[in-house]
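Student: One predicted model, sequence on top.
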Amino acid sequence: AMEELSIYHTGYGSKENQEKKISKRNIRLIQAELSENPDNWEMWGYLGNEFDSEEERAQAEDAYKKAIMLIPEELAEYDNMPSTIFSRLLLLMVSSKEPDETAIMETYAQAVACRPKEADFDYILGRYYASCNDFETGEKHLWRALELLETHGNLAKSAILSGNIVKAYELLAICCYNNNKLAECIKLATMLLKEDPYLTSTIVLYLSAFRKD
């Protein structure tokens with residue numbers, strides 16, 4: 001039978017994907033499932049993902065928060081769905097027009113309690129605080145993110161930080177520069193330039209740190 005049967009899946013082709021978005025097919029399917037199983041936390045997470053991809057921020061936040069309320073206490077360590085839910089919710093919260101820092105930190109505390117080995121939460125907050133020119137808090141979270149990654153690895157976790165590791169170290173060097181920790185800034189910049197001598201922004205930062213000193 002295998003020689004005569006083949007399946008050509010085009011569900012993620014650009015045309016089909018666009019048609020699914022227009023019809024909101026996935027949202028309708030997930031909502032139908034939730035009408036029968038309203039305590040399915042994973043489905044609430046998937047619903048949040050769909051709303052997020054449709055840029056319906058309020059609905060995405062509500063779905064993620066509902067999922068968080070229902071996440072069971074005992075979960076396998078390799079289950080990365082909770083990390084995805086918390087990370088995407090934090091990304092929505094820090095990128096809103098008027099970020100609520102209190103709410104952000106409450107969600108962060110919940111995330112760390114649920115997944116203490118996950119580095120992405122601190123990386124997201126490190127980027128957020130650095131963008132607000134709060135370089136001291138940004139530096140603290142970036143150091144913590146990199147230490148978590150070094151200690152616990154990235155198996156079923158820390159996907160965002162792992163995919164942006166150079167940017168993370170560059171941003172940490174910028175934080176150190178602005179916090180007048182120039183020796184640390186130069187140390188980080190040197191490490192980056194040994195890996196890639198064509199990082200122009202890092203070269204500028206490296207020279208600026210010497211000039212500032």
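Tutor: Nice, thanks for sending it over.

Student: Any buried residues in the biggest helix by length in the chain, and which?
Tutor: Ordering each helix of the chain by length in residues (DSSP state H) puts helix 135-152 first. Neighbour-count burial for helix 135-152 flags 135, 138-146, 148-149 (criterion: 16 or more other C-beta atoms under 10 Å). In short, each C-beta sits where N, CA and C put it, glycine included.

Student: repeat for stretch 77-86
Tutor: Buried residues in stretch 77-86 (16+ other C-beta under 10 Å): 80, 82-86.

Student: Now it: average pLDDT?
Tutor: In this model, stretch 77-86 has a mean pLDDT of 93.

Student: Just the CA coordinates for it, please, in CSV.
Tutor: These are the backbone C-alpha positions of stretch 77-86, laid out as CSV (Å, rounded to 0.1, in the frame of the first residue of the first chain):
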residue,chain,number,x,y,z
GLU,A,77,10.4,18.9,31.9
TYR,A,78,10.6,18.4,28.1
ASP,A,79,7.1,19.9,27.6
ASN,A,80,7.9,23.3,26.2
MET,A,81,4.3,24.5,25.8
PRO,A,82,4.3,26.4,29.1
SER,A,83,7.5,28.3,28.1
THR,A,84,6.0,29.2,24.8
ILE,A,85,2.8,30.5,26.4
PHE,A,86,4.7,32.6,29.0
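
Student: Need the residues that contact it.
Tutor: 42, 45, 48-49, 64, 67-68, 71, 75, 107, 110-111, 114-115, 117-118, 120-121, 155-157, 159 (C-beta atoms under 8 Å, 6 or more residues apart in numbering).

Student: Go again with 7 Å.
Tutor: 42, 45, 48, 64, 67-68, 71, 75, 107, 111, 114-115, 118, 120-121, 156-157 (C-beta atoms under 7 Å, 6 or more residues apart in numbering).

Student: again, but for stretch 155-167
Tutor: By C-beta under 7 Å, 6+ apart, stretch 155-167 touches 78, 80, 83, 87, 117-120, 123, 145, 149, 154, 168, 192.

Student: Thought residue 71 was touching residue 110, still the case?
Tutor: No. With contact defined as C-beta atoms under 7 Å, residue 110 does not count as touching residue 71 (9.4 Å).

Student: How about the contacts made by the most centrally placed residue in the chain?
Tutor: Residue closest to the average C-alpha location in the chain (C-alpha atoms, centre = their mean): residue 87, at 4.4 Å. By C-beta under 7 Å, 6+ apart, the residues touching residue 87 are 120-121, 124, 160.
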